[in-house]
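Engineer: Quick check, what structure comes out for this input:
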Amino acid sequence: MGVAYTGTKTETGEYAEIVQEIYSDSPTFRGETIEIVEGHKSGLDIYESSAAITFTAANYGAVTTDNVILKAQKSIVNLNTFNAEGIIDEVSLKGTRFQRSMKAGAYNVVSDEFDQKVLIQVQPAISAKLESWVWNGATTATKTAIAALVPGAGQGSISAGAQALVAAMPVTLFDSVPVRMLYNDSQSKTVPGAGLGEYLKVDPPVAVTTATIVAEYVKIYNRIPDEVLVMTGDDAPIIYAPKAHYKLIKTVNSVQGVALQENFVGNSFNDMYFNDIKIIFVDLVGFTIVAQKKNLMLVMDLLSDSSQLIIEKEANASTRRILKLINSMTTWVVKQKWNVLYNG
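Structural biologist: Sure thing, here's the model as predicted:
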């Protein structure tokens, strides 16, 4: 990491506070948006089950047919492990305001003010990065696999638009939720194993603007299965929308007023609904998802790993310090055929 200082080192008057960068919030890691699954070192088994019933004419004798089909499938979900690490060398801060909080002695170059005002930003920067990865990013291998799929307009095929969105995503060390919906190796799909996900496709999507957003949300709403739409409480469906949609919604409501209040209802970023379905704005780009919260999973070793920064002295009498954070996580999707993916 190092310490990059730019600017003069001439003693003049100075602004008392150090202006800090803005980092996005991390509601996913507080369990507010999707299901958090902890306690797994390298991977876990996820089981899904179902039952199908067929009725026939009454039979008062011995059972001769099997009209009940029970299924149980196991998918193995492997975690990806990665880290952030760096070197903190505060020698470059001599001659700046930070040297005032360095202890006496040439060996002592640790600045308490630097720790309190600058180094403290490492944790929110890590959280913001991980939050964005959950919703927008794909591994190199998955990018290649999705690019190789044959696109099509109908249900059961990926759209060319989805392929373009994935190609434009940052390369990450685990697949984001929309990417996992598009491509996975679940054993619970109609066609088990690696390949296209089993999501409900909204077709055809158009560019979401103030002129189109209501019509596009109506498309999304109408794609939600009736069985899911009537769920309530913790099982109620949620619309996961790009943060950019919030501005469009507020603009549309402001411009067209009462005519749209029956569709988009709410007064704030954390309180917005479309036709009674809660909208949660996340770091999605291009995609919109509708799913029950428990259908979207973030699997990890420990949630606290995301905040366990190790900061200690470098070895061999070095004046520098080192930092490291190690994390293991990935995303997963269950009950795939009930989840809606706009732009899929």
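
Engineer: Pull out the buried positions in the helix or strand of the chain with the lowest mean pLDDT.
Structural biologist: Scoring the helices and strands of the chain by mean pLDDT, DSSP states H and E places helix 112-117 at the bottom, with a mean of 80. Of the residues in helix 112-117, those with enough neighbours to count as buried (16 or more other C-beta atoms under 10 Å) are 113-115, 117. Placement of C-beta: from N, CA and C, glycine included.

Engineer: Helix, strand, or coil at the residue nearest the centre of the chain?
Structural biologist: Central residue of the chain (C-alpha atoms, centre = their mean): residue 134, 2.4 Å from the mean position. Three states are possible here, and by DSSP: H, G, I helix; E, B strand; the rest coil the one that applies to residue 134 is helix.

Engineer: which residues does it contact?
Structural biologist: 28, 34, 176-177, 282-283, 298, 331 (C-beta atoms under 8 Å, 6 or more residues apart in numbering).

Engineer: Take the residues you listed and keep only those in helices.
Structural biologist: For those, the ones inside helices are residue 177, with DSSP state H as the criterion.

Engineer: By neighbours, which of the contacts of residue 134 wins?
Structural biologist: If you count neighbours using other C-beta atoms under 10 Å, the busiest of the contacts of residue 134 is residue 177, which has 31 neighbours.

Engineer: check contacts around that one.
Structural biologist: Going by C-beta under 8 Å, 6+ apart, residue 177 touches 34, 134-135, 240, 289, 296, 331, 333.

Engineer: Check pLDDT for those and point me to the minimum.
Structural biologist: For those, the minimum pLDDT belongs to residue 34; the value there is 92.

Engineer: which non-adjacent residue is nearest it?
Structural biologist: residue 296 (4.0 Å; C-beta to C-beta, 6 or more residues apart in numbering).

Engineer: and the one you found, how many residues sit next to it?
Structural biologist: A count of neighbours around residue 296, defined by other C-beta under 10 Å, yields 25.

Engineer: Bridged to it, which residues?
Structural biologist: Here residue 296 sits in beta bridges with residue 333, as judged by DSSP bridges.

Engineer: hang on, the earlier thing: closest to residue 220 out of the contacts of residue 177?
Structural biologist: When the contacts of residue 177 are ranked by distance to residue 220 (C-beta to C-beta), residue 289 comes first, at 9.1 Å.

Engineer: What are the boundaries of the strands in the stretch 1-150 of the chain?
Structural biologist: Listed in chain order, the strands found in the stretch 1-150 of the chain under DSSP state E, counting those that start in this stretch are 35-37, 43-53, 68-78, 80-88.

Engineer: Go through those strands and name the closest to residue 225.
Structural biologist: With C-beta to C-beta as the measure, strand 43-53 is the member of those nearest residue 225 (14.5 Å).

Engineer: how far off strand 80-88 does the closest one point, in degrees?
Structural biologist: Relative orientation of strand 43-53 versus strand 80-88 (axes from the mean of the first three to the mean of the last three C-alpha atoms, to 10 degrees): 150 degrees.

Engineer: Specify the residue positioned farthest from the middle of this protein.
Structural biologist: Checked against the mean C-alpha position of the chain, the extreme residue using C-alpha atoms, centre = their mean is residue 61, at a distance of 55.0 Å.

Engineer: Any idea how many residues pack against the nearest residue to residue 195 once chain neighbours are set aside?
Structural biologist: Among residues not flanking residue 195 along the chain, residue 183 sits closest, at 7.1 Å (C-beta to C-beta, 6+ apart). Residue crowding around residue 183 was assessed by other C-beta under 10 Å; the count is 21.

Engineer: swap in the one 5 residues further on?
Structural biologist: Look at residue 188: counted by other C-beta under 10 Å, it has 22 neighbours.

Engineer: Likewise for residue 155?
Structural biologist: Under the criterion other C-beta under 10 Å, the count of neighbours that residue 155 has is 13.

Engineer: Hmm, residue 200 and it touching each other?
Structural biologist: Yes - in this structure residue 155 lies within contact range of residue 200 using C-beta atoms under 8 Å: 7.4 Å.
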